[in-house]
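Q: Pasting the sequence and the predicted model now:
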Amino acid sequence: MNTNSRKTKNNKNRRGLLRWWWMVPALALVAVSLIFVAVGAGGGSGERIPESELFAARHGPLTISVAAEGTFRGADTITLRNEVEGRTTILHIVDEGEMVEEGDLLVELDDSDLRDLLLDQEIQVEQAESNFINAREAVSITEQQGRSDRQAARVDLELALLDLEEFSGVDLRKELAIDTDASTDEIMVALEGRNLHALVAEAGTIHVHPGTDEIPGETDELLPEEELVPEEDPLADEEELEETLDQLMTHLEGQYKLDLQRALNNLTLARAEYGRAVEYLEGSRRLAAEEYISEGDLRSDELDAERRRLEVEVAENELRLLMRFTYRRRIAELVSQVEQRLFAVTKARHEGESALVDAKAQLRSRDLTFQREKDRLEQIRDQIEKCRIYAPSSGMVVHATTTRRGSREPYEVGSEVSQREEIIELSRGDAMMADISVHESALDKIASGMEVVLTTDSLPGRTYYGTVTRIAIMPDPQSRWLNPDLKLYQTSVRIEGNTLGLRPGMSCTAEIIVEEHNEVIHVPVQTVLRVDGKPTVFVPGPNGERIPRPIETGLDNNRMVHVKSGLEPGERVLLTPPMEMAERPSGRAREMPAEEANGDRSAIEGNAANERQTRGENRGGESASSAD
């Protein structure tokens, strides 16, 4: 039992050892490879580098060029755009490639919405025109109304002045030292800043018995009922009354003089009637004493005498009021009336001017509105006309979507277009151009006037030549919109010589010739590293070392680089230089991550393999195109 168990256990151990026997040579191979790499990187292994990993520097023709792609178009073209605002739909578009004559209909756009706007706008124009006419007539009416109001105010002022002069008897034009036929406006100017009330008072006020209210010949008190006949004759002061009347008539003028004279006349007549009634009463009393008349007749005569006495009292009071109050009150009323009429004239003038300014402002506003609505109407009509695009000259029709790389789908009936969007390019004549896109990395290599070689897949075997005429200042916005990191610059090339077979819209491949060298040294671009800031190649040593060699380089075409100095024709350089030597600061190798080093080495080895495949080809010159 024990013997069998030990045998079984030994067999299992032998099988476990046999299972891992192949690891020994594998580990040995890895160790040898590491030693080989370490020795090779250190500068020598004692073995020569295989010829397949070397490239002999060539001396011969070299062309430095920049490759780009683009589209052919006519050199003499007319671009027709959509001039209708907003977005609109294509109802008809002429077929691409069709030859048209001047005046032919090329594109018809949908104008149904514009025609609805046209109807609404015509209504707006009519309303604006009506408002404008009303505002214009309102200005005329306002002007006439202002003149009428000012004239009415002047007439009222003239009447107020006449009333004042009529009552006071003051000649205002004389007092104001102006002509007797002066107009109302001149009187207004003369009265400006003057106190009219003081002027009239100074010129026309006459105080009769100043400081007293006594009326000449006034009856002091009423007769008592028991004695109706006063002791003194009420006409005793008749001479004084006449003297006062003469004085007033001499100094006064106007309506007041008439009123005063009328009051004095009334007083005189009342006193006369009263005197006659008193005399008649005295006779009646004597007759009654002798009983010739009855007591009733006597009482009637007494009442008549009393009535006459009261009439005298009333006349005296009327005269007193006229002399004390009526004159001053009437003067104040008339002066106030004149001043109000003066203000009314000024107010009428200012209100008329203000109303006229408002009416004119309203007219200007309505005029601007009317003009704006008319302009909008003409704009809509113009937009409707622009919905039909006609050929300005004869030529071949090319849709804009054909000549714009990466643009939208081809135009057809039902397609929508925006304002200012290019729809058709009308090509005239046989002259052609090419619009190509150049990557920003190649801009420093190209310039206007450089020669360009163009080919197209549509015409295999044919080559066309041209010249760079224009390089855009800013990158193509469409390419930036599609890829923000991609910056392409539109470059125009004029095709020279024969353009047989070319048509607008054909794709093309362009090679811009930057430099052409007849006999120069050149090596593949992957053989050059930058070490310590200098372009460097690695040449093999006698014992397999990789010796760095600084060189001076020119331009490259992304395949071959021009070597100006540092190499001789035929000298061999490594196709796979040690990447760990790249950009060594201060003489020390740059430490690279394993992933980066392996990736760079794989890329270089791939380029080297391609170079080895073409090594045996016999070429008269090296011409390679660059990739953007």
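A: Thanks, I have the structure now.

Q: in this protein, which residue is closest to the centre?
A: Central residue of the chain (CA atoms, centre = their mean): R372, 16.3 Å from the mean position.

Q: next structured bit after the helix or strand containing A135?
A: In this structure, A135 sits in helix 112-168 according to DSSP states H and E. Using DSSP H and E, the helix or strand that follows helix 112-168 in sequence is helix 172-175.

Q: any idea which element the residue nearest to the centre of the chain lies in?
A: Applying DSSP H and E, one finds R372 within helix 327-386.

Q: The closest residue to the residue nearest to the centre of the chain other than its chain neighbours and R549, how far apart?
A: Leaving aside its sequence neighbours, R372 sits nearest to A128 (CB to CB, 6 or more residues apart in numbering; 7.9 Å). (C-beta placed from N, C-alpha, C; glycine too.) Distance, A128 to R549, by CB to CB, to the nearest Å: 87 Å.

Q: again, but for A582
A: Using CB to CB, one obtains 14 Å as the distance from A582 to R549.

Q: got it, and T71?
A: From T71 to R549 the distance is 45 Å (CB to CB).

Q: Let me see the mean pLDDT of the helix holding R372.
A: Averaging pLDDT along helix 327-386 yields 92.

Q: same thing with stretch 94-104?
A: Throughout stretch 94-104, pLDDT has a mean value of 91.

Q: CA-only coordinates of it in CSV, if you can.
A: Provided in CSV are the C-alpha atoms of stretch 94-104 (Å, rounded to 0.1, in the frame of the first residue of the first chain):
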residue,chain,number,x,y,z
VAL,A,94,-34.3,74.5,-64.0
ASP,A,95,-32.3,71.3,-64.5
GLU,A,96,-28.6,71.3,-63.9
GLY,A,97,-26.4,71.5,-66.9
GLU,A,98,-29.1,73.1,-69.1
MET,A,99,-28.1,75.9,-71.4
VAL,A,100,-30.3,79.0,-70.9
GLU,A,101,-30.7,82.3,-72.6
GLU,A,102,-31.0,85.8,-71.0
GLY,A,103,-34.4,86.2,-69.4
ASP,A,104,-35.3,82.6,-69.0
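
Q: List the single closest residue to D556 in space, sequence neighbours excluded.
A: Leaving aside its sequence neighbours, D556 sits nearest to V525 (CB to CB, 6+ apart; 5.2 Å).

Q: Distance of that neighbour relative to H562?
A: Note on V525: its distance to H562, by CB to CB, is 10 Å.

Q: thinking again about what came up before, what's near enough to touch the residue nearest to D556?
A: V525 makes contact with D556, N558, R559, M560, V561 under the criterion CB atoms under 8 Å, 6 or more residues apart in numbering.

Q: quick one: the strands in the stretch 1-150 of the chain?
A: Here the stretch 1-150 of the chain has its strands, by DSSP state E, counting those that start in this stretch, at 54-56, 58-74, 77-81, 87-93, 99-100, 105-109.

Q: helices or strands up against the shortest one?
A: Right, strand 99-100. Judged by 3 or more CB pairs under 8 Å, 6 or more residues apart in numbering; DSSP states H and E, the packing partners of strand 99-100 are strand 395-399.

Q: Show me the helices in the stretch 501-628 of the chain, by range?
A: Using DSSP state H, counting those that start in this stretch, the helices assigned to the stretch 501-628 of the chain run over residues 594-613.

Q: what ranges do the strands span in it?
A: Under the criterion DSSP E, counting those that start in this stretch, the stretch 501-628 of the chain contains strands at 507-524, 529-531, 534-540, 546-550, 552-556, 560-565, 572-574, 622-623.

Q: Give me the helices and strands touching the strand or helix carrying A190, please.
A: In this structure, A190 sits in helix 184-191 according to DSSP H and E. In terms of contacts (3+ CB pairs under 8 Å, 6+ apart), helix 184-191 is packed against helix 112-168, helix 327-386.
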